[in-house]
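Asker: Kindly generate the corresponding structure for this input.
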Amino acid sequence: MQSIAEVRYKLGNLMMGADQNPSILFCQLATLEHAYAHTKGRITDHDMIVTIFEVSPEKYRPTLNLVAENQGANLMPSHLEMAMRKIWHQNGGNKGISTHVATKKNTKIVLNAFTGVYYVCKEKGHRTLHCPTKEQKGNGKSIKSSSKQRFSGKCNHCGKAGHKKNDC
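Answerer: I've put the predicted structure just below:
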């Protein structure tokens with residue numbers, strides 16, 4: 001019984017802002033659905049549809065009502081999700097996570113899976129291409145390589161002359 005009350009409470013606390021990407025709402029619903037899939041509090045499609053109608057901003061309501069009317073008894077949460085995503089994109093919504101994240105001043109989102117430390121600047125999370133200290137006064141040379149003389153041998157990594165494997 002506790003899981004039923006718990007899932008109802010969590011569904012009741014979901015919210016969606018007027019400028020929020022609907023994908024966030026559907027990710028939250030999917031997370032709850034997965035978390036309670038094997039409990040007595042299992043979330044049904046009906047529960048999800050009711051929640052979507054309750055938390056969706058006013059601008060989505062006419063379209064959601066039309067989708068519900070057209071689908072009738074076959075209505076699924078995925079039908080509502082597709083409709084809301086179309087409205088979001090037609091209204092100029094970002095393809096990112098949320099407009100609140102994207103509007104922060106000087107925010108730059110870089111999708112980067114590198115978690116190591118870049119050997120030149122000794123900072124974590126980027127490679128040469130994304131190094132914030134790489135360029136010094138627009139000369140295009142890295143800080144490390146601009147401060148030492150050119151290597152006269154061949155690279156053990158790529159075989160080209162003029163640099164070492166560490167600078168490749």
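Asker: you'd agree residue 54 is in a strand?
Answerer: No. Assessed with DSSP: H, G, I helix; E, B strand; the rest coil, residue 54 is helix; it does not lie in a strand.
Asker: Residue 123 versus that one, what's the distance?
Answerer: Relative to residue 123, residue 54 is positioned 46 Å away (CB to CB, to the nearest Å). Glycine gets a C-beta too; all of them are placed from N, C-alpha and C.
Asker: can you check residue 161 too?
Answerer: Distance check for residue 161 against residue 123: by CB to CB, it reads 29 Å.
Asker: Over to residue 19?
Answerer: 34 Å.
Asker: Of these two, give the one with the bigger neighbour count.
Answerer: Of the pair residue 19 and residue 123, residue 19 is the one with more neighbours under other CB atoms under 10 Å, namely 15 against 11.
Asker: what about the more buried one, distance to residue 61?
Answerer: Distance, residue 19 to residue 61, using CB to CB: 16 Å.
Asker: Helix or strand for residue 156, just tell me which one.
Answerer: Here residue 156 is covered by no helix or strand, with elements defined by DSSP states H and E.
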